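J.: sequence first, predicted coordinates after that:
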Amino acid sequence: MNGAKRGLLSVAVLIALAGCDSKDLTPPTTCAEAGDSCKTFTLLHTNDNHGRFWENSHGEYGMAARKTLIDNIRDEVAQSGGEVLLLSGGDINTGVPESDLQDAKPDFIGMNAIGYDAMAVGNHEFDNPLSVVEMQRELANFPMLAANIYNKSTGERYFDAYKIFTVNGIKIAVIGLTTEDTVKIGNPEFISGLTFTNPTTEIKKVIEEINDAGSADLIFAATHMGHYEDGKHGSNAPGDVAMARALEVGDLQLVVGGHSQNPVCMEPESDKYAEFTPGGECKPEQQNGTYIMQAHEWGKYVGRADFEYFNDTLHLVSYNLIPVNLKEKNEAGDRVLIGDEIAPNSDLLETLRTYQEQGQEQLNEVIASTAELLDGERNNVRYMQTNLGHLLATAQAAKVGADIGIMNSGGVRASIASGDITYKDVLTVQPFANTITKSTMTGAQISEYLNTVATLQIGSGAYAQLVGISMTVDCSAGSVEISDINGKGYNASESYSFTVPSYNAAGGDGYPKLNPVMTGYVDAEVLYSFLKDKKTITAGEFTPANNVVYSNSLSVHGCQL
């Protein structure tokens, strides 16, 4: 029985027992009226850490400052008689070389020091072999939760489905869920022994189990599924909004999410995103009686939700996203703090400094320079052809003498600023250590392959950066018409070759599976060698040349139906 249903029953019983005095048993409408029966607590949350255990070059975010902020909130809440629950929406791994080279050990050590209570398992937890996942699970002083990931060989869940926490006398069940898209965007080499089931199906099972046992007053979910405005998820798997709408009202009180890496701040009484300003107001999503929250990415913010609980009902008192030493440029062009400065916790800072300094000499090696920004910004590279996307595809095709280079945009993790390029830049752009594959097919077979690959929707990591080919893509028909391959013209019966990362060749991102030549060349090393050989990237050198034209689409840059 959920909290709302228990509340109605308890009120009815009290009224029946009181008889004519029922007027004295009117349920309280405020915490003050409820008195000692009102319990207060604070939920804190972050998501999509992606290796950002250390502050950036501008002194923004970083786990040591995050610890100071959270410690201060815990002290404040305790003084007012409340307690704190701290959750993560997952994706601790992948994004910064210092973390990637050390299998995110500093990130998990930082989370232990901060005192996380639980985390959702994210898709990027599977960028490494399962032996690394097991190491991280052993290292973590908190549970990694995922109700919808199963071990194929045993049929058992690979992680705990949920954990129950007692927070200021309130029993809160936290269920973990991971996006089904992990099958497409996780490395097939590492997840072949796992099954990812439908999160909505699984959460219904778990909620029923919790309610049948009467083991929790409230049910929350820590998810890594994504928040999509009005549930419109496009090529992505359904996210938190779709799940909340599929549940019975009152079954799930709150979702702390991740994956889409956006601050979930909504217009009042609307399914539309508000124009969020860092440090400004933020109203969380609410669907079907379920609050949905997400704190952007990288620990830039700590989400804070203050609650009161009485009459078996959860009441949100306040919510905001607290910036962690974020800065903005003033009119003079100087970077100034948004909000108050947060001093990093000195003990955690020194602990993490050791990891930050390891390998710095190698990472800081200057290998080339560029006269312009090489654009790998997520909101660009997943929506259009960019110079960095084309540089990567060109480098990979050139390495093995292929005609066409195909690079999935999800494998482009950052931009490279104009100026010197270091090895660290290379690893930041390509942290996944995929190998380059080479396939040789007839023109007809390549056309068939690209019917799928070139029509994958914009906005997802599947969107393909394409070089060495000229063609028209009919997004409505799901077909391509090739006019030229690598200056050789096009013949359906002639043979041509192309490169694609091993991740996609194995079926990642929904690409057709291939049986390619495994070249053994690692993507970051290919980029490193390419840049080091060129020494200088001139302005405009890799600017997309409109070699691919999209028709019957809402976007001229890719398929959007």
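T.: Yes, it's here.
J.: can you list the weak-confidence ranges in this structure?
T.: Filtered on pLDDT under 70, the chain yields the residue ranges 1-24, 235.
J.: one more time with 80
T.: Residues of the chain meeting the criterion pLDDT under 80: 1-25, 184-187, 234-236, 359-362, 433, 520-521.
J.: how much space between Gly226 and Ile436?
T.: Plainly put, Gly226 is 29 Å away from Ile436 if you go by Cβ to Cβ, to the nearest Å. To be clear about C-beta, it is placed using only N, CA and C from the backbone, and glycine gets the same treatment.
J.: over to Gly410?
T.: Taken as Cβ to Cβ, the spacing of Gly410 relative to Ile436 amounts to 16 Å.
J.: comparing those two, which shows the higher neighbour count?
T.: Shown here are Gly410 and Ile436; by other Cβ atoms under 10 Å, Ile436 has more neighbours (26 against 21).
J.: three-state assignment of the more buried one?
T.: Following DSSP: H, G, I helix; E, B strand; the rest coil, the label given to Ile436 is strand.
J.: so it bridges to which residues?
T.: The residues listed as beta-bridge partners of Ile436 by DSSP bridges are Pro501.
J.: any idea how far the nearest residue to Gly82 once chain neighbours are set aside lies from Ala34?
T.: With Cβ to Cβ, 6 or more residues apart in numbering as the measure, Thr40 is the residue that lies nearest to Gly82, at 4.0 Å, once sequence neighbours are left out. Separation of Thr40 from Ala34 (Cβ to Cβ) stands at 11 Å.
J.: neighbour count winner among these two?
T.: Thr40 (20 against 17).
J.: outside of the helix or strand encompassing the more buried one, which residues touch it?
T.: Counting by DSSP states H and E, the secondary-structure element that holds Thr40 is strand 39-46. Residues lying outside strand 39-46 but in contact with it, judged by Cβ atoms under 8 Å, 6 or more residues apart in numbering, are 31, 66, 70, 73, 77, 80-89, 167-170, 220, 254, 256, 293, 295, 299, 301-310, 317.
J.: now these: which count as buried?
T.: Neighbour-count burial within the contacts of strand 39-46 applies to 31, 66, 70, 73, 77, 82-89, 167-168, 170, 220, 254, 256, 293, 295, 299, 301-310; the criterion is 16 or more other Cβ atoms under 10 Å.
J.: next step: these restricted to strands.
T.: Restricting the buried ones among the contacts of strand 39-46 to those inside strands, with DSSP state E as the criterion, leaves 83-88, 167, 170, 220, 254, 256, 293, 301-310.
J.: show me where the stretch 151-300 of the chain has its helices.
T.: Counting by DSSP state H, counting those that start in this stretch, the stretch 151-300 of the chain forms helices over residues 182-185, 188-191, 199-213, 240-246, given from the N-terminal end onward.
J.: which stretch among those comes nearest Val467?
T.: Nearest to Val467 among these is helix 182-185; the distance by Cβ to Cβ comes to 22.3 Å.
J.: got the buried residues for the closest one?
T.: Of all the residues in helix 182-185, those buried under the rule 16+ other Cβ under 10 Å are Thr182, Val183, Lys184, Ile185.
J.: quick check: phi and psi at the residue lying closest to Ile207 once chain neighbours are set aside.
T.: Computed as Cβ to Cβ, 6+ apart, the closest residue to Ile207 that is not its neighbour in sequence is Asp251, at 5.2 Å. Comment: the main-chain dihedrals of Asp251 come out as phi -70, psi -40, following degrees, to the nearest 10.
J.: my guess is Asp251 contacts Phe220, does it?
T.: No. Shown here, Asp251 and Phe220 do not form a contact pair, counting by Cβ atoms under 8 Å, at 11.5 Å.
J.: how far away is Thr201 from Ala147?
T.: Distance, Thr201 to Ala147, by Cβ to Cβ: 10 Å.
J.: next one: Met518
T.: If you measure Met518 against Ala147 using Cβ to Cβ, the figure is 35 Å.
J.: more crowded one of the two?
T.: Shown here are Met518 and Ala147; by other Cβ under 10 Å, Ala147 has more neighbours (27 against 12).
J.: quick one, what contacts the more buried one?
T.: Contact criterion Cβ under 8 Å, 6+ apart gives Arg157, Ala161, Tyr162, Ile175, Gly176, Leu177, Pro199, Glu202, Ile203, Lys205, Val206 as the residues in contact with Ala147.
J.: make it 6 Å
T.: For Ala147, the contacting residues are Ala161, Ile175, Gly176, Leu177, Glu202, Val206, taking Cβ atoms under 6 Å, 6 or more residues apart in numbering as the criterion.
J.: is it fair to say it lies in a helix?
T.: No. Following the definition three-state DSSP, Ala147 is coil and is not counted among the residues of a helix.
J.: what's the local residue count around Tyr135?
T.: For residue 135 the amino acid is Met, not Tyr. The local packing count at Met135 equals 16, with neighbours defined by other Cβ under 10 Å.
J.: ah, wrong one, I meant Gly507
T.: Gly507 has 14 neighbouring residues, counting by other Cβ under 10 Å.
J.: once you drop chain neighbours, what's closest to it?
T.: Of all residues not flanking Gly507 in the chain, Lys513 sits nearest, at 4.4 Å (Cβ to Cβ, 6+ apart).
J.: give me the element Ala393 is part of.
T.: Since the elements are taken from DSSP H and E, Ala393 ends up inside helix 387-400.
J.: just the CA coordinates for that helix, please, in CSV.
T.: Once non-C-alpha atoms are left out, helix 387-400 reads as follows in CSV (Å, rounded to 0.1, in the frame of the first residue of the first chain):
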residue,chain,number,x,y,z
ASN,A,387,35.2,20.2,-38.2
LEU,A,388,36.3,17.9,-35.3
GLY,A,389,33.9,15.2,-36.4
HIS,A,390,35.4,15.3,-39.9
LEU,A,391,39.0,15.4,-38.6
LEU,A,392,38.4,12.2,-36.5
ALA,A,393,36.8,10.4,-39.4
THR,A,394,39.5,11.5,-41.8
ALA,A,395,42.3,10.4,-39.4
GLN,A,396,40.8,7.0,-39.0
ALA,A,397,40.2,6.4,-42.7
ALA,A,398,43.7,7.7,-43.5
LYS,A,399,45.3,5.4,-41.0
VAL,A,400,44.1,2.2,-42.8
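J.: touching the next helix or strand after it from outside, list them.
T.: Tracing the chain C-terminally past helix 387-400 and defining elements by DSSP H and E, one meets strand 404-408 next. With contacts defined as Cβ under 6 Å, 6+ apart, strand 404-408 is touched by 389, 392-394, 396-397, 461, 464-469, 498-500, 504, 509.
J.: buried ones in the next helix or strand after strand 404-408?
T.: Scanning forward in sequence from strand 404-408, with DSSP H and E defining helices and strands, the next element found is strand 419-422. Residues Ile421, Thr422 are the ones in strand 419-422 that count as buried (16+ other Cβ under 10 Å).
J.: got it, and stretch 447-454?
T.: Within stretch 447-454, the residues scored as buried using 16+ other Cβ under 10 Å are Ser447, Tyr449, Leu450, Asn451, Thr452, Val453, Ala454.
J.: what do you get for stretch 426-440?
T.: Of the residues in stretch 426-440, 426-439 count as buried by neighbour count, 16+ other Cβ under 10 Å.
J.: can you classify Thr483 by secondary structure?
T.: Thr isn't right for residue 483; it's Ser. Reducing the assignment at Ser483 to three states with three-state DSSP gives strand.
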